[in-house]
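K.L.:
generate coordinates for the sequence data below:
(2 chains)
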Protein chains: 2
Amino acid sequence: MEAMNHNSTLYSDVAMNLESTHSNVIPITLFIAVLCLCLVVGHLLEAYRWLNESIAAILIGFVVGTIILCTSKWKSSRLLRFNEELFFIYLLPPIIFNAGFQVKKKQFFHNFFPIMLFGVAGVLISTSIVAAGSWWLFPKLGFGGLSISDYLSIGTIFSSTDTVCTLQVLSQDETPLLYSLVFGEGVVNDATSVVLFNAVQKINADTLNGQTALRIFLDFLYLFSTSTVLGIAAGLVTAFILRGLSFGRHSSVREIALMVLVAYLSYMLAELFELSGILTVFFAGVLMSHYSWHNVTESSRITTSYAFATLSYIAETFIFLYVGMDALDYEKWKMSTLSFWTKMGLYSTVMFFIAVGRAAFVFPLSIISNYLHRSGGESSKISGHHQMVIWWAGLMRGAVSVALAFKQFTHSGVTLDPNNATMITTTIVIVLFSTVVFGFLTKPLVDHLLPATNSNTNNRNPRDPGSPKEDMTLPLLSLEESASENLSRAKENVSMLMDRPVYTIHSYWRRFDQTYMRPIFGGPCSNEPSC
Amino acid sequence: MEAMNHNSTLYSDVAMNLESTHSNVIPITLFIAVLCLCLVVGHLLEAYRWLNESIAAILIGFVVGTIILCTSKWKSSRLLRFNEELFFIYLLPPIIFNAGFQVKKKQFFHNFFPIMLFGVAGVLISTSIVAAGSWWLFPKLGFGGLSISDYLSIGTIFSSTDTVCTLQVLSQDETPLLYSLVFGEGVVNDATSVVLFNAVQKINADTLNGQTALRIFLDFLYLFSTSTVLGIAAGLVTAFILRGLSFGRHSSVREIALMVLVAYLSYMLAELFELSGILTVFFAGVLMSHYSWHNVTESSRITTSYAFATLSYIAETFIFLYVGMDALDYEKWKMSTLSFWTKMGLYSTVMFFIAVGRAAFVFPLSIISNYLHRSGGESSKISGHHQMVIWWAGLMRGAVSVALAFKQFTHSGVTLDPNNATMITTTIVIVLFSTVVFGFLTKPLVDHLLPATNSNTNNRNPRDPGSPKEDMTLPLLSLEESASENLSRAKENVSMLMDRPVYTIHSYWRRFDQTYMRPIFGGPCSNEPSC
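P.N.:
Numbers count the residues shown, from 1 in each chain, chains lettered A, B, ... in the order given. Next up, the predicted model:
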């Protein structure tokens, strides 16, 4: 409906843009130049370990925004107007696909159950709490006028986390379980919150009651399962073609092109069937790196790993730069008619419910996960300190929150409604505050909670995709595990499934993977060294 | 002027497109699926060596076009409408940048002079002849109504070659000079014809006389030199940053991102200053692979080589597919009111002048090149048979011709003028005919002219970028050459420059490169193994 009202304005804007194509060249050129600057600054910062790269991009965006604001005589602080298509078709899919592609498969499948608990159930719990909390407190603070649908969207917007900052200070070698949980939750969480956001948009609820919640939940389940199946199918088809035709004999270029095109195709197909493209590319990424990646030449492996990581890196830096510039958008700040204290109240409310919503699932779900892993030994238990780190890691808000907020509350980055403008500025404040303030506090906190960690991680960039290579040379099972598996095979039965449910499911999956999937779709065999 | 008249139609089209965003998803999805099909078919064809991949893409486009034509009840044969921006901003730059990036630097610099003769002077000669020929013969065939500017554009459109087909049957090892000339001319030629096309567009001549020609030539020189300087500057800046900051210590991703972003930035800067972005990215590509490539990690080297080659491959396949589909565009064929024989006359005229225009520079320029290389020994002489192969290699017309023709004669792929429609169909016929018919004849002809060749080249794909690696391990000078250079240093003087001008200039460049450029911008040193 809103879109229809804006159509006439939009068309004249498009017409203007077409006429001034040449004048668009200047902002795009400047934006790319600033991106290059971010790259160089990010490198220097990392070399000297002063601060996080996302913070750097936001700050550079802030500085550039100030310069533009001054040169344009307080008219605008932005080089580019927000474009939904740009965010959801060009920037987000590479980020999510890369997350799926780079995920450590061994750890991911090993900890599949707790990761899914945190990433899916966690988002549902967090969304309910943030939505209910803001619905309850916002009117009391003197900020009314939002619809039920807006509150539900706020819940999903503030449930998507940005865990990069924490991953940078965790050590994959010293705390593998913790690292895997934080990383895994981070990527599943992004996809889940986008799916849930879409489910909320589709329902367009008038009242917040049990029936609406159930409809949203069912729609979410439908979107989640169908998108996942489509992504898995895309990954398997690619693996099958690459294995069957052995492209690499003639050209690595075709292998790479096929992987890129099928990933994009799966995204488009999902959009065509009105599913969640984001979730589809995520699972396409996981499957491609689990199977297809083993069917291609060494050059293709290196190229895909690094090319996808680079795309994702550029897209993320782009979004953080944009947020930094948009923080200075004078119009939006002016539009909101609320008092300073009301605004502060809003920010604190949202921040408070983010923290509470996260606590409400991290600690209980950790206990459930520990119970299910109760026979798995100390290494598969999530300790109290680890639970604290997981809780903290997910307090930061990032690119996805901003993208979703712009989708819900603006039309091509512009809003004329004071309430919507307030929600945009609130999102930006939350992202800035959580990224900058919490970002600075992460290292001291992790040092305090995990004293042994953080010694030799300084030379390792978590964005750098070195690990698929390690995965490839490592067999999926270590010899030790294989031995214990062989033993367990003899006595496995229903009672074992009850006793060690997660371990058993995982070992079933592993056997299924090795017996049926890998021979068809590719991948290293750990049992027979000949194949 | 024309653009202004079309504006109102264009705007309503854009408006329609925005409303039917979702219905656009279907054609894009189908197009990507067809691209994937092309990839697989291309691989199968190569495995069995039936036919050239460009031909395959055109034929698949043809078949898909027929299916669409039938299902849409003879309304349209195309999935996507031609979009100038898509071609000139997204498809062409990656193709040209990759050509510059993959060019064999050693051979390219060694044969710099003849390559530039063929690629730059050749285009100027060919354009004059095709433009003058069509200006003279078209009205006699009963096809008038084109402006002087149209004839000049026709000259440039039909002067851009597509040498992929010939390169597939040449052997880089057996005839290195020939391969290097055909490859080098192919890439320089693309960039030159786009620059010349832009120069012609800018002048917008009313009459064809000496003064116009001079103005176009001077404008061409200005565009050519400034764009080259900008591209070189972009390449050197990247090399300097990568060398100075040694990004690779922390992250290969940043190195790759920087190279991609600076390449794109150089393109945008060229467009901003109204230069030729195509030529700029070409030289940025050459410089980046000559210097920057040596300053980055091994992973970045592999990734950039293959990622750029993949982008270029996808863009080329895309264009050939589009040409195949557009060949069935019923509207354009219906619009032209000419008789069958007039059309045949047009096609033959253009084909004849393409052949004559090419002969008019290949043979004389070869003689000049041979004269300048007269003391260089047999290996640097272009023999008669080689001249024939060079002439033949450049008879095929490809993606660039189509893109330029659409730019000159349509507005977003649509034309209402019968003359313009005729020129579009003529271009498509020439591209189809030369690619398919000449493409099939190339292998027998090359086998006949170069009997020794073509024995062990079957397993080597010319698109596959394996060679930068070879370049890296090889020092720029072989030991033999170094010795002769040391000898020559003693007696080098003006008389030698007169005697062996090309060789001397090349050896000066090489010494300059090693003494001043490589220490600053990176690259292997052949003299001191320590650095």
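K.L.:
pretty sure A:Y151 sits against A:S128.
P.N.:
No: here A:Y151 does not reach A:S128: they are 10.7 Å apart, not a contact under C-beta atoms under 8 Å. Heads up, the C-betas are built off the backbone N, CA and C, glycines and all.
K.L.:
ok but A:C38 is inside a strand, no?
P.N.:
No: assigned with DSSP: H, G, I helix; E, B strand; the rest coil, A:C38 falls outside any strand and is helix.
K.L.:
run through the stretch 101-250 of chain A and note the low-pLDDT ranges.
P.N.:
A:165, A:204-208, A:247-250 (pLDDT under 70).
K.L.:
what about the helices in it?
P.N.:
Taking DSSP state H, counting those that start in this stretch, the helices of the stretch 101-250 of chain A run over residues A:105-110, A:112-116, A:122-137, A:148-157, A:164-167, A:176-203, A:210-245.
K.L.:
contacts for the fourth one, please.
P.N.:
Under the criterion C-beta atoms under 8 Å, 6 or more residues apart in numbering or on different chains, residues A:123, A:126-132, A:134-135, A:138, A:146, A:193, A:196-197, A:200-201, A:203-208, A:212, A:216, A:350, A:401, A:404-405, A:408-409, A:419, A:423, A:427 lie in contact with helix A:148-157.
K.L.:
what's the closest of the helices of the stretch 101-250 of chain A to B:V281?
P.N.:
Closest to B:V281 of the helices of the stretch 101-250 of chain A is helix A:210-245 (C-beta to C-beta; 30.4 Å).
K.L.:
quick check: buried residues in that closest one?
P.N.:
A:212-213, A:216, A:219-220, A:223-224, A:226-228, A:230-243, A:245 (16 or more other C-beta atoms under 10 Å in any protein chain shown).
K.L.:
got it, and stretch A:353-361?
P.N.:
A:353-354, A:357-361.
K.L.:
for A:E271, helix, strand, or coil?
P.N.:
When classified by three-state DSSP, A:E271 comes out as helix.
K.L.:
residues in contact with it?
P.N.:
A:E271 is in contact with A:277, B:25, counting by C-beta under 8 Å, 6+ apart.
K.L.:
check A:F433 too.
P.N.:
For A:F433, counting by C-beta under 8 Å, 6+ apart, the contacting residues are A:347, A:351.
K.L.:
give me the phi and psi for it.
P.N.:
When read as degrees, to the nearest 10, the backbone of A:F433 gives phi -60, psi -50.
K.L.:
the residue lying closest to A:L275 once chain neighbours are set aside and A:L404, how far apart?
P.N.:
In space, and not counting its chain neighbours, A:L275 is closest to A:S227: 4.4 Å by C-beta to C-beta, 6 or more residues apart in numbering or on different chains. According to C-beta to C-beta, to the nearest Å, A:S227 stands 17 Å off from A:L404.
K.L.:
and A:V362, by the same measure?
P.N.:
According to C-beta to C-beta, A:V362 and A:L404 sit 22 Å apart.
K.L.:
can you check A:S305 too?
P.N.:
From A:S305 to A:L404 the distance is 28 Å (C-beta to C-beta).
K.L.:
what's the answer for A:H43, then?
P.N.:
For A:H43, the distance to A:L404 equals 30 Å [C-beta to C-beta].
K.L.:
over to A:L275?
P.N.:
17 Å.
K.L.:
who's more crowded, those two?
P.N.:
It is A:L404, of A:L275 and A:L404, that has more neighbours when counted by other C-beta atoms under 10 Å in any protein chain shown, with 27 against 24.
K.L.:
contacts only, for that one.
P.N.:
A:153, A:156-157, A:160, A:193-194, A:197.
K.L.:
that one belongs to a helix?
P.N.:
Yes: counting by three-state DSSP, A:L404 falls inside a helix.
K.L.:
by neighbour count, which of the contacts of A:L404 wins?
P.N.:
Most neighbours among the contacts of A:L404, by other C-beta under 10 Å: A:I157, with 31 neighbours.
K.L.:
what residues does the stretch 201-350 of chain A have near chain B?
P.N.:
For the stretch 201-350 of chain A, the contact set with chain B under C-beta under 8 Å from any C-beta of the partner chain comprises A:241, A:245, A:247, A:249-254, A:256-258, A:260-262, A:264-265, A:268-269, A:271-272, A:299-300, A:302-303, A:305-307, A:309-310, A:313-314.
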